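Undergrad: heads up, no residue letters with this:
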């Protein structure tokens, strides 16, 4: 019940007009960001940098993210052995153990 009165008072001071202008500006940047993300994804996919779910399971991806973010937080606290590029390892030891466990469960 108080919301329309509140909005009317905001319109009087020009806040809503400024807010609408800011949203229009941000929508343009959002559209450009989405286009950039799509182009990057398709180029990476065409170059072979994106693998399918069949190649690397969702569990392995989640496990990799946990390991990577844990390492990242550790590097924030203790910045040692930093590099410009962090190439994907063939298989992290924790991921190997998890894959062996999955194979064992399937047999």
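TA: Great, that's in hand. Please read these numbers as outputs of a predicted model, since none were measured by experiment. Numbers count the residues shown, from 1 in each chain.
Undergrad: For the rest of this, base every contact and every neighbour count on C-alpha atoms.
TA: OK.
Undergrad: Between the two ends of stretch 47-59, how far is it?
TA: 24 Å (CA to CA, to the nearest Å).
Undergrad: what sits up against it?
TA: Defining contact as CA atoms under 8 Å, 6 or more residues apart in numbering, one finds that stretch 47-59 is touched by 41, 44, 45.
Undergrad: so which helix or strand takes in the first one?
TA: Residue 41 is part of helix 15-47, with elements assigned from DSSP states H and E.
Undergrad: Neighbours of residue 61, how many?
TA: 13 (other CA atoms under 10 Å).
Undergrad: list the contacts for it?
TA: For residue 61, counting by CA under 8 Å, 6+ apart, there are no contacting residues.
Undergrad: list the buried ones in the strand or helix carrying it?
TA: Counting by DSSP H and E, the element that carries residue 61 is helix 58-77. Residues 60, 64 are the ones in helix 58-77 that count as buried (16 or more other CA atoms under 10 Å).
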